[in-house]
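Enquirer: What follows is a predicted protein model with its sequence.
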Amino acid sequence: MKQPSRRSSPLFSPISIAISILFIIVFGSITWLAGGIGFSPGPVSAKSLPGIVMQNYQSHADFENNCNLCHQPLQKNQAVLCMNCHSDIASQVQNKQGLHGRLDNVDQCASCHAEHKGRSFDPTNEAVKAFNHNLTGFPLDGKHGQIQCDACHMNNRYDQSKPDCVSCHTEPQVHTGLLGTDCQTCHNSNTWKPASFQARPFDHTNTRFTLNLHAVDYAGNPINCTTCHTGDPSQTTTQSCITCHNNHDQNFMQKHLTQVLVRHDGPKQQQNTRIVNPSFHTGPACWRAGRAGPAAFSPGVPLLAGRAGGSKRR
C-alpha cells in the first residue's frame, strides 16, 4: 500500500527562498546606498554654533544620511569617530586638559550627548542639565551656585569661559594695580565683604588708621589704595603723606613740621625720632583722624597721616 506523499512547507520552497534572497539583496543595497538611514531611530540635531564648521559640516543634520561617520557596526567604542570632527575635544583628551581631559568616561560620548531626538534638540544644552560642575575644577559653591549658566557662558559657548575671577568681575577701582588679580587671596564665593588680608578679616580701622578723613582727596575724588600704598600693600611711608599734603595744604604742613618731625620707617630709625613738642602727641589733635591714641604709633606706620587728613576733611 503506497504511503501518501508529504507536502513541503511553502516557506522553504525554492520560490520563497529565492524571493527572500532577492529581498535581502535589494534591502541591503538600498540601506547601503542610503548610508544606513533605514536603521535611524529619528532625526538628528540641526543645532550649531554660528561660524563653526567641522569637516565641512555645520551640524549633524548635514550628514544625517551618512551614518558611518558616527557609527561603526559591531564596534563598542565610537568616540574616535566623534573626535574625528571634534578635534578640540580630541586635543583636550590627548593633553589631559580642559573639561574632557578630566572625565573618566570620556569615550562614552552618548552618555552625555544624546542624539536622534529631532532637529531642534541641542545635545550640548541637554548635557548641561545634569552636569557636575565640580568636574571643571571650579565648583559652584557659595553665591556662584545661585547664578544662571549664561551669566558666565555667553551664547552657549561653554568652551570659552575662564576660571579666573577677573574674567567676570571687574577689579575694584579702589585697589586697581595693587593687589593683583587673584581675588581668592582676599575674597571668597560666600561673600565679597569683608575681605581678608594676610589670612585675617580686613578692616582698615584695625590698622590703627581709619579712612574716615581719607575717603576722598582734596578734589573730592575717592582715594584709592595706591594713593598711599605705592609698593607693599601692608606698608606705607611718611613720604606719601608729606607729598600729598605739601601739594595741597602747605600751610598745615609747615605748622605741623614745626611742631614735630617724625620718622617711623623702621625700628632702627625710631632712634632718630625728634619730637619738638611732646605734648602735641598726647592729645587728640594728631590721632583723631584715624589713630587709636599715642600707644598705637608703631614702626612702619606714618604718624603724619592721621593729623594731615584732619586739617581739611573733618
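Expert: Good, I have the coordinates.
Enquirer: Tally up the residues packed near the nearest residue to Asn188 once chain neighbours are set aside, please.
Expert: The shortest distance from Asn188 to any non-neighbouring residue, by CB to CB, 6 or more residues apart in numbering, is to Gly142 (6.7 Å). (Glycine included, C-beta is placed from N, CA and C.) By the measure other CB atoms under 10 Å, the count of residues near Gly142 is 11.
Enquirer: so how far is Asn190 from Gly142?
Expert: 4 Å (CB to CB, to the nearest Å).
Enquirer: How about Thr237?
Expert: Taken as CB to CB, the span from Thr237 to Asn190 is 35 Å.
Enquirer: of those two, who's got more company?
Expert: Neighbour count, other CB under 10 Å: between Thr237 and Asn190, Thr237 has more, with 19 against 9.
Enquirer: What's the per-residue pLDDT of that one here?
Expert: We have a pLDDT of 74 for Thr237.
Enquirer: So it versus His71, what's the distance?
Expert: Remark: distance between Thr237 and His71 (CB to CB) = 71 Å.
Enquirer: So which bits of stretch 234-254 are buried?
Expert: Neighbour counts over stretch 234-254 (16 or more other CB atoms under 10 Å) mark Thr236, Thr237, Thr238, Ser240, Cys241, Ile242, Cys244, His245, Asp249, Phe252, Met253 as buried.
Enquirer: so which of these comes closest to Phe202?
Expert: Nearest to Phe202 among the buried residues of stretch 234-254: Thr236, at 15.1 Å, using CB to CB.
Enquirer: Helix or strand for the closest one, just tell me which one.
Expert: Remark: Thr236 resides in no helix or strand, with elements defined by DSSP states H and E.
Enquirer: Next one: it from Asn212, what distance?
Expert: Distance, Thr236 to Asn212, by CB to CB: 17 Å.
Enquirer: ok, now Gly142?
Expert: Counting by CB to CB, the gap between Gly142 and Asn212 amounts to 31 Å.
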